[in-house]
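Peer 1: sequence first, predicted model second:
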Amino acid sequence: MAGGGSLKEGGSPVFDITPHKIAVCHLVQVFALHTQPDMPFVFQSVSHHHRLGLFLFSLTRSCEGFLEPSLEELLNQLKALGGLAMLSEHLISNLLVLSSPDDLFNFFDKLRGVLAAPEGSSMEEEQALLDPNSHLGIFIRCCILTFNMLPFEGVCHLLTNLVAYCNSNDSTYEMAEDDDFNGSEFHELLEDPEVDCESAELEEYGLQNDTQAAENLTHIPSKFLSSFLEDNQASDSPRIKHGDDGSQSGGLVPLLNNNFRTDDNLGVLRSRWQIEGYLNMQADLLEKDAISFPLYSFSATLRQLQKLAPELHRVRYLQYLNALYHNDYLSALDELHCYFDYSAGMEGLFSRSPSPSSEFEVGRYETALLCLGTLQCHFGHPKKALEALTEAVRISQQNSDDSCLAYTLAAICKLLSEIGISNMTGIIGSPYSLGTTTGLGTPLSTQQQLLVLLKRSLERADHLKHTNLLAFNHLALAKFDLKHVKKPLLSFGPKASMKLRTCPTSVCRELRLSSHVLSEFGTDGLLQLNDTGSFSTSWLKNLSAVGNPWLKKLQKPRSLSVNDYDTFQFYAQPSPIPGSVLQLAGASYLLRATSWEHYGSAPLVRMNALVYATCFADAASSSELSLAYVKLIQHLSVFKGYTEAFNALKLAEEKFSVSSTHIRLLKLQLLHARSLHRGNIQEAQQVCDQFGVLASSVTGVDMELKTEASLRHARTLLAANQFSQAAAVASNLFCTCYKFNMQVENATVLLLLAEIHKKSGDAVLGLSYVLASLSFCKTFNLDLLEASATVTLAELWLSLGSSHAKKASSLIYQALPVILGHGGLELRARANIAVAKCLLADPSYLVSEDPDAVLDPLSQASEELQILEYHEMAAEAFYLMAIIFNSLGRQMDRGLIISSDTELFSTVSTHGNFHLACHTMSFQLVYTSV
């Protein structure tokens, strides 16, 4: 034994009394009995007394590491409190007095005096004692109980470790003289590797209800500790820290706080509650920012902790999460099997916050299947995931495990909504699941099965009062209503009249219901205080930073894992809202931003993304937070140009990692769009080829990314004037979207086909595609895309002849309110150029009478296109302006336009866009000769 006395009940450690706990008991005694006249230490003010109380509370609840601090670290923390220098001397002097087992017995006997007397008994006036049921009161009672249950051999072990504990800070502290205590007999008693401790009844000490409060403490065998220290000395990268860019900051391995000491053998594991809190905190941070956790280094740390405490099976689950978030399929699968093999799942799963025990009773075969299905879904194996999840449904029904069944249904809904599955027959169409019919011989499509599952899951979550799951299902229904048209399940009988289109009101209603459920969190008795110890851990971290200025410099101020608590902000309270609730509340704002992207309101997209990035950054994962940043940067690229967007992207790359999927995808999107606008076809094609590398090769997985890659490939071919190839790619993409029921994407593909035929000169065929796209836009309320399609329709009508100029003009004016209110630079420029073309093509319009009617929109378009660096369309605007200036006889203005277009010619010639260069050259030759 390396830590001190140990008490065992039923073969598992219940509580360990250690030298560090004795030191804490001394401090608690000073804190509780500060009004006693015989106390040698007097507090300077009430604030100093309160400061010590908060420190003791945080010290007994901190989950920063899994080893207890040394005496030197404890004294440094007391020094950082300020104004308590005498308290350190008082603590050392009291520890020096404890030189025999009798001294320990007398100390714990006097320690009973810090506890308040039972109700009804007499107590002196102005006497402040600890409430026995308070956190510190329970801690003192557990220490007293554990010491009283130690045999004499255990007390000797404790005294020896106390001597070593004090010697680690002061070498002058020595053992008692030989005449006071027989040293040889004492060492003989210590030769036994383990000391058997007799069990005792808790009822004798009035602690019947304190079993859970006295969390288990785990002792460290010496051989494991020595090997642990050797391994950490030999490690190449022992310090695993959190930060935006992998910089060092406290939180993962407490080497920075000198918990792993090579000069002594005093390492003692904290209480079981604190170790589990530490593991939960690492799981939470791993989900937030897995990139800051080196895979093998963190895995080695967990393996050492597993050696020190083999009974903590949750370490294996954290190893599974570590492999999962680092995309190590084989390791994740192996660790998941090991976790359920050793624990049978009875310890439960990690959660970001404490929850009622009835919320998710796990630990059976169905829970393992649920985790296995989630793993397969994460790695892009939809069929294997569905097989595991449907088996989990069957086992849950057999075992009447309603909670696991509700979560499994939610997992199936998430899988079906994210992964494209064209045919569900033989996968989920089993006797124990939905089946393939409604019971009346009518087959259900994949989307109809998803809707039925969502409603069933919502009903179960409401019945079981699972607040988080209920909010999640409302968000899933909102996402379904956003992208799918609800159709009747029955194909016979009278049908009520219905509009086959999505309903934005339903989306808003589900989003509001999700937020409403979370806003009422706690009204039904489900509110749990944030009891994970994170607040105490953060307080002690900041305290250590005050005591070590060099440590403060190492910590990034905006790290994902370090909060902004002030060191002595004593009135700050931990948030009573669990992190999972905050994460769901933030997800609703991300979904709001996505819905407004579909509906075409750019200001609302920006507002909701800003709300998420500002208010929910602490609870969000790195992936979710980077998605909010992506939406903001995309808004900049559309409305401010690529220069502003790339500046913001550089900041995002510094905050996150360049390996972040969302950030990498955004960078490719910006590079491709800018290359097309500049006319650099070769660079655009090179960037386009990289999109396919990011997508999975499994059918149905990463469908959105595959769709975008095909769209950009077709646009690249269109920019290179390879019309037939571009049309073939777009047609194949339309078939794929139709197969997987991606109707929203079909609207964009149809519009692209219309643009291909417009540019190739086949306006008649392009009309059918643009009308079909408009139909999809109306069905799914894609207002901004509808406005863009309307501009394309006007351009097609105008290309058929000047007789259609008025019709084209009316179409553009119908779409102008949406375009000017929510459209970006490119769409506004297209609309302005189209307005000018309609006026120039109208026989009743004379340029000489009202030249500003065409010059103003063309001038506005040219300015916006120059900001956007869209050279081809800017050349077209300059071309039209030069024609107008030439007809008006304004040769100087025409010369300025020609000089501007000459710069475009040199740019596009450098980039190799032959079509645009020839267009610009002919423009120069014609108007130079005029």
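Peer 2: All right, it came through fine.
Peer 1: contact partners for the closest residue to Leu610 other than its chain neighbours?
Peer 2: Spatial nearest neighbour of Leu610, excluding adjacent residues (C-beta to C-beta, 6 or more residues apart in numbering): Leu632 at 6.9 Å. For every residue, glycine as well, the C-beta is placed using N, CA and C. Contacts for Leu632 (C-beta atoms under 8 Å, 6 or more residues apart in numbering) come out as Arg606, Ala609, Leu610, Ala613, Ala648.
Peer 1: same question, Ala602
Peer 2: Listed by C-beta under 8 Å, 6+ apart, the contact set of Ala602 reads Trp596, His635, Val638, Phe639, Leu784, His822, Gly823, Gly824.
Peer 1: mind putting these in a markdown table, secondary structure included?
Peer 2: Output for those, formatted as a markdown table (DSSP: H, G, I helix; E, B strand; the rest coil):
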| residue | secondary structure |
| --- | --- |
| Trp596 | helix |
| His635 | helix |
| Val638 | helix |
| Phe639 | helix |
| Leu784 | helix |
| His822 | helix |
| Gly823 | coil |
| Gly824 | coil |
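Peer 1: could you say which helix or strand holds Ala726?
Peer 2: helix 723-739 (DSSP states H and E).
Peer 1: swap in Asn76?
Peer 2: helix 71-81.
Peer 1: the next helix or strand after that helix to helix 71-81, inter-axis angle?
Peer 2: For helix 71-81, the succeeding helix or strand toward the C-terminus, using DSSP H and E, is helix 85-97. Interaxial angle of helix 85-97 relative to helix 71-81 (axes from the mean of the first three to the mean of the last three C-alpha atoms, to 10 degrees): 160 degrees.
Peer 1: quick thing: my sequence starts at 12, can you match it?
Peer 2: With the count now opening at 12, the last piece we talked about shows up as helix 96-108.
Peer 1: list the helices and strands helix 96-108 packs on?
Peer 2: Using 3 or more C-beta pairs under 8 Å, 6 or more residues apart in numbering; DSSP states H and E as the contact test, the elements touching helix 96-108 are helix 30-43, helix 82-92, helix 163-178.
Peer 1: give me that answer again for 7 Å
Peer 2: helix 30-43, helix 82-92 (3 or more C-beta pairs under 7 Å, 6 or more residues apart in numbering; DSSP states H and E).
Peer 1: the shortest one to helix 163-178, inter-axis angle?
Peer 2: Orientation note: helix 82-92 sits at an angle of 60 degrees relative to helix 163-178 (the same axes, to 10 degrees).
Peer 1: now for helix 82-92, which elements pack on it?
Peer 2: Helices and strands touching helix 82-92, by 3+ C-beta pairs under 7 Å, 6+ apart, are helix 57-70, helix 96-108, helix 545-558.
Peer 1: output the contacting helices and strands for the helix holding Ala737.
Peer 2: helix 714-730, helix 754-771.
Peer 1: show the average pLDDT along the longest one.
Peer 2: Going back to what we said before, that points to helix 754-771. Helix 754-771 comes out with an average pLDDT of 94.
Peer 1: against which helices or strands is that helix packed?
Peer 2: Identification of packing neighbours for helix 754-771 by 3+ C-beta pairs under 7 Å, 6+ apart yields helix 714-730, helix 734-750, helix 774-790, helix 794-810.
Peer 1: likewise for the shortest one?
Peer 2: On a contact count with 3+ C-beta pairs under 7 Å, 6+ apart, helix 714-730 meets helix 672-689, helix 692-705, helix 734-750, helix 754-771.
Peer 1: any buried residues in the shortest one, and which?
Peer 2: Spelled out, it's helix 692-705. Ile692, Glu694, Ala695, Gln696, Val698, Cys699, Phe702 (16 or more other C-beta atoms under 10 Å).
Peer 1: what's the answer for stretch 711-720, then?
Peer 2: Gly711, Val712, Asp713, Met714, Leu716, Lys717, Thr718, Glu719, Ala720.
Peer 1: in CSV, list these along with pLDDT.
Peer 2: Below are these laid out as CSV (pLDDT from 0 to 100):
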residue, pLDDT
Gly711, 76
Val712, 80
Asp713, 83
Met714, 87
Leu716, 89
Lys717, 91
Thr718, 92
Glu719, 92
Ala720, 93
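Peer 1: same list, those, but as CSV with distance to His683 please.
Peer 2: Listed next are the buried residues of stretch 711-720 as CSV, based on distance: C-beta to C-beta, whole Å:
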residue, distance to His683
Gly711, 25
Val712, 22
Asp713, 17
Met714, 19
Leu716, 13
Lys717, 15
Thr718, 15
Glu719, 10
Ala720, 10
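Peer 1: deepest of the helices and strands packed on helix 754-771, which one?
Peer 2: Compared across the helices and strands packed on helix 754-771, helix 794-810 shows the largest average neighbour count, a mean of 23 (mean count of other C-beta atoms under 10 Å).
Peer 1: report the rounded mean pLDDT for that helix.
Peer 2: 95.
Peer 1: tell me what that helix is packed against?
Peer 2: Checking 3+ C-beta pairs under 7 Å, 6+ apart, helix 794-810 ends up next to helix 754-771, helix 774-790, helix 816-833, helix 836-852.
Peer 1: swap in 10 Å and give it another go.
Peer 2: helix 590-610, helix 754-771, helix 774-790, helix 816-833, helix 836-852 (3 or more C-beta pairs under 10 Å, 6 or more residues apart in numbering; DSSP states H and E).
Peer 1: just checking, next helix/strand downstream of the last one?
Peer 2: Scanning forward in sequence from helix 836-852, with DSSP H and E defining helices and strands, the next element found is helix 863-879.
Peer 1: list the buried ones in that following helix?
Peer 2: Here helix 863-879 shows Val865, Leu866, Pro868, Leu869, Gln871, Ala872, Ser873, Glu875, Leu876, Gln877, Ile878, Leu879 as buried, counting by 16+ other C-beta under 10 Å.
Peer 1: was I right to think the last one contacts Lys651?
Peer 2: Yes: contact status for Leu879 versus Lys651: in contact at 9.3 Å, counting by C-beta atoms under 10 Å.
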